[in-house]
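Novice: With the sequence up front, the predicted model follows.
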Amino acid sequence: MKKNILSTALIAIFSNTSALAADIDNTWYLGAGIGQSNYENVSSTGNGYLSDDSDLAWNALVGYQLNKYFAIEAGWQDLGTLDDSHMRTDLGQNIEAKGFTLGLVGTLPLSGKWFLTGEAGAMQYHLGHQMDRSHYVSATDTAPYFGAGLGYQFTDALSIAAKYRRYSGIDETAWNTANMDAQTIGIQMTYRFGVKPTQTAVVLPAVIKETKPMPRPEPKFETKVEKHSIALLFGFDSAELTQAAQAKLDEVVRLSKQQDTDVIMLEGQADNQGDATYNLMLSEQRVQQVESYLTAKGVQVNKIEKHASGEQEAHANSLKERALERRVILTLTSETKVRVS
């Protein structure tokens, strides 16, 4: 009877378990970056002489995440000014290039919070060529570009990346006064909208069986084993216990002091993002955090067993589902003698 009271209390406490989950698929994001542009392979006509040069570059963008691997980005890119640094007179020349970009961006997750990016698209640019004080020409045309980057995810919404992009064939096509290529190297920040916390119930029901003793001259008993499980959820790339998880463990400690024999099994898991070896280590850290908390609070059990499986049991395809796989399953096993005849 004592075991049944404990089981009923556990179910009542944990039947409304919830956790924050975030899904970035099909979301919009904004970004901006700053860095250095380098004009290369410059060929120009005019009163001055233009060579390869560098200047400050910046960009702003808006993107839409199609799925966990691909996104479409549109933005504005300012490549800065190519100045005549070899002026022989005050009639030096300069070139400015800027315009709209549209491209496809691919993302490849690495271990932990790091990721790689690759992108390709086109830039509709406006090139202005100041050939001398009174002679200015310009043209609008399209040039292809490609790029690559290495990024770090601070949260589900905020990330930073080091970006390299190269633009080919940025030419003044109206009068054919200048032809060149350009590349940029810099830092870009992005913030994602629509990442909303979702309360997701995690219910691991336990079956409670009550056996009423029947009067017999020589009663017989058998050992009945009951198992009751709860899920303790963790944040992204984290082994820290949340306040909700601590509250559940506090109740387990309190209830463990009301019964005689229990075994607690802790099974640590991780989602399927990142390196498998890293995820195994992360699941071990989560198990150790739970065990340390229970021990420090004075849990009364005969034995605590531990197992960490990393991403072995992880099969989720979305961030919402992966959030439910970052967990430690706590299973309480109780043995009672039940009269069968």
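Specialist: Sure thing, it's come through.
Novice: how far away is K68 from Q273?
Specialist: 9 Å (C-beta to C-beta, to the nearest Å). Yep, even glycine has a C-beta here, placed from its N, CA and C like the rest.
Novice: what about those two, which has more around it?
Specialist: Relative neighbour count places Q273 above the other of K68 and Q273, with 23 against 16, counting by other C-beta atoms under 10 Å.
Novice: show me what contacts the more buried one?
Specialist: Taking C-beta atoms under 8 Å, 6 or more residues apart in numbering as the criterion, Q273 is in contact with P109, N279, R322.
Novice: just L266 next, same as before
Specialist: Applying C-beta under 8 Å, 6+ apart to L266 gives the contacts V287, V290, E291, I304, E305, K306, H307, V328, I329, L330.
Novice: What's the ChimeraX line that selects buried ones from those?
Specialist: Once 16 or more other C-beta atoms under 10 Å is used to decide burial, the buried members of the contacts of L266 can be selected in ChimeraX as follows:
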select :287,290,291,304,328,329,330
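Novice: Which one of the contacts of L266 is nearest to L30?
Specialist: Of all those, the one sitting nearest L30 is V328; the distance, using C-beta to C-beta, is 36.1 Å.
Novice: and that closest one, what element?
Specialist: Secondary structure assigned from DSSP states H and E places V328 in strand 327-339.
Novice: swap in N279?
Specialist: For N279, the host element (DSSP H and E) is helix 276-296.
Novice: low-confidence ranges in the protein?
Specialist: For the chain, the stretches with pLDDT under 70 are 1-23, 46-50, 84-92, 196-217, 221, 260-261, 337-338, 340-341.
Novice: Let's see that with 80 instead.
Specialist: Under the criterion of pLDDT under 80, the regions of the chain flagged as low confidence span 1-24, 44-53, 83-93, 111-112, 132-134, 195-226, 258-262, 334-341.
Novice: domain parsing for it?
Specialist: The chain is divided into the following domains under automatic domain parsing: 2-22+198-339, 28-192.
Novice: Backbone torsions only: list them for F236.
Specialist: For F236, the backbone dihedrals (degrees, to the nearest 10) come out as phi -60, psi 120.
Novice: Residues contacting the helix holding N279, please?
Specialist: Against helix 276-296 from outside (C-beta under 8 Å, 6+ apart): 111-112, 232, 234, 237, 239-241, 245-246, 249, 252-253, 264, 266-273, 304, 306-311, 314, 326-328, 330.
Novice: give me that answer again for 6 Å
Specialist: Contacts with helix 276-296, where a contact means C-beta atoms under 6 Å, 6 or more residues apart in numbering, come from 111, 234, 239, 241, 249, 266, 268-270, 304, 306, 308, 310-311, 328.
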